[in-house]
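S.K.: Build me a model:
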Amino acid sequence: MRIDSVGVIGGGAWGTALAQTLRLAGRDVMLWAREPEVVADINGRHVNATFLPGIELDEGLRATDRLADMAGTDAILMVAPAQHVRAVAHELRPHLMPGHPVVNCAKGIERTTGRLMGEVLAEALPESLLAALSGPSFAADVARGLPTALTIACDREEAGRALAEALGYRHFRLYWSHDRTGVEIGGAVKNVLAIAAGIVAGKGLGASAHAALVARGFVELRRFGAAWGAMPETLMGLSGLGDLILTCGSPQSRNMSLGRALGQGQSLDDILGTRRAVTEGVWTAAAVVRLARDKQVEMPIAEAVHAIVEGSATVDDAIAALLARPFKAER
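M.R.: Sure, this is the predicted structure:
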């Protein structure tokens with residue numbers, strides 16, 4: 001597999017950062033964005049002032065609002081918001097040849113169906129070669145060329161290794177795996193848990209409570225992953241524990257910062273009303289909880305986040321319910 005050109009679907013912060021990274025890796029890159037102002041900014045001023053301000057982009061990065069322009073690329077990165085991946089993939093399908101590599105970079109679960117992103121793409125793009133990319137990475141760090149390591153997963157080892165070689169470079173290290181399910185679960189569930197971590201910070205509950213929350217949240221992530229057959233090594237690696245630590249540990253995370261604002265007493269509507277970028281954990285929480293209940297997976301922290309964002313419990317009530325849980329053995 002030879003990959004010289006890459007199409008990036010999604011002109012948000014993460015899509016723009018990945019496009020910039022691919023230029024640093026020496027690839028020919030075309031970025032698709034739905035917003036005309038983003039396309040104009042990238043092509044004219046070599047910035048994305050809407051979603052990634054303060055970052056000067058490579059002059060060779062080109063942007064378009066036509067999905068048909070993706071047809072000539074050797075691989076596609078799907079970086080649309082998780083709840084829009086299916087619709088965008090359907091629009092993209094007529095422009096792809098059978099076997100075209102499509103790498104999912106969206107971190108979420110489809111709220112209406114409970115499908116992982118790989119399952120959504122398998123339904124929308126059944127003839128494409130699918131992979132998944134996830135791990136601890138803030139868009140601004142990646143766009144600035146700071147050292148980052150992620151996992152790329154593909155069912156076919158040869159294709160996975162080729163994608164890792166083509167998409168990575170010295171400061172953007174990619175580790176190959178065949179566990180797409182585990183990679184996608186880690187990226188989705190950690191967003192929900194990061195909201196909880198932000199609430200702990202916003203309520204001023206202390207570093208000890210934060211550490212306990214992250215540790216018990218990781219238990220929930222592993223339980224959830226095991227129910228779907230994810231490999232323990234994947235969940236303990238970059239796309240699981242690594243991403244959880246990053247997302248729960250910094251207000252630079254959209255999910256943690258939203259949780260912190262909730263903990264400080266702001267309403268969800270007010271928080272979301274000030275944001276242009278998507279906070280995936282808000283939309284993924286309901287799907288995670290529904291799937292966990294179906295599989296009889298115990299996830300009290302995710303349940304608490306779901307109750308808060310759905311409005312069926314206040315932050316204080318949710319915290320009180322968690323603290324009132326019975327003592328039990330740690331397994």
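
S.K.: Low-confidence ranges, the stretch 151-300 of the chain, go.
M.R.: By pLDDT under 70, the stretch 151-300 of the chain has no low-scoring segment.

S.K.: That one: helices as residue ranges?
M.R.: Counting by DSSP state H, counting those that start in this stretch, the stretch 151-300 of the chain has helices at residues 157-167, 180-202, 207-227, 232-235, 243-249, 254-263, 268-273, 280-294, 300-310.

S.K.: Need the contact partners of the fifth one.
M.R.: The one in question is helix 243-249. Helix 243-249 is contacted by residues 134-138, 186-187, 190-191, 193-194, 197-198, 210, 213-214, 217-218, 221, 253, 255-256 when judged by C-beta atoms under 8 Å, 6 or more residues apart in numbering. Yep, even glycine has a C-beta here, placed from its N, CA and C like the rest.

S.K.: Could you export it as CSV, CA atoms only?
M.R.: This file holds the C-alpha atoms of helix 243-249, laid out as CSV (Å, rounded to 0.1, in the frame of the first residue of the first chain):
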residue,chain,number,x,y,z
ASP,A,243,-6.1,9.1,26.6
LEU,A,244,-8.1,8.9,29.9
ILE,A,245,-5.2,10.4,31.9
LEU,A,246,-4.8,13.3,29.4
THR,A,247,-8.5,14.1,29.0
CYS,A,248,-9.2,13.9,32.8
GLY,A,249,-6.1,15.8,33.7
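
S.K.: Quick check, central residue of this structure?
M.R.: Among the residues of the chain, the one closest to the centroid is Lys107, at 2.6 Å (C-alpha atoms, centre = their mean).

S.K.: Kindly confirm my reading that that residue is in a helix.
M.R.: No: counting by DSSP: H, G, I helix; E, B strand; the rest coil, Lys107 falls outside a helix, being coil.

S.K.: okay, it: pLDDT?
M.R.: Note on Lys107: pLDDT of 95.

S.K.: so it touches Ala80, yeah?
M.R.: No: counting by C-beta atoms under 8 Å, Lys107 stays clear of Ala80, with 11.5 Å between them.

S.K.: Leaving aside the residues adjacent along the chain, what's closest to the residue nearest to the centre of the chain?
M.R.: Gly187 (3.6 Å; C-beta to C-beta, 6 or more residues apart in numbering).

S.K.: List the contacts of Ala25.
M.R.: Ala166, Leu167, Gly168, Tyr169, Phe172.

S.K.: Dump those to CSV, plus distance to Gly145 and neighbour count.
M.R.: Shown next, in CSV, are the contacts of Ala25 (distance: C-beta to C-beta, whole Å; neighbours: other C-beta atoms under 10 Å):
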residue, distance to Gly145, neighbour count
Ala166, 18, 23
Leu167, 15, 24
Gly168, 13, 20
Tyr169, 9, 17
Phe172, 8, 21
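
S.K.: Same list (those) but as JSON lines, adding distance to Gly54.
M.R.: Compiled in JSON lines, these are given as follows (distance: C-beta to C-beta, whole Å):
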{"residue": "Ala166", "distance to Gly54": "28"}
{"residue": "Leu167", "distance to Gly54": "24"}
{"residue": "Gly168", "distance to Gly54": "25"}
{"residue": "Tyr169", "distance to Gly54": "22"}
{"residue": "Phe172", "distance to Gly54": "20"}
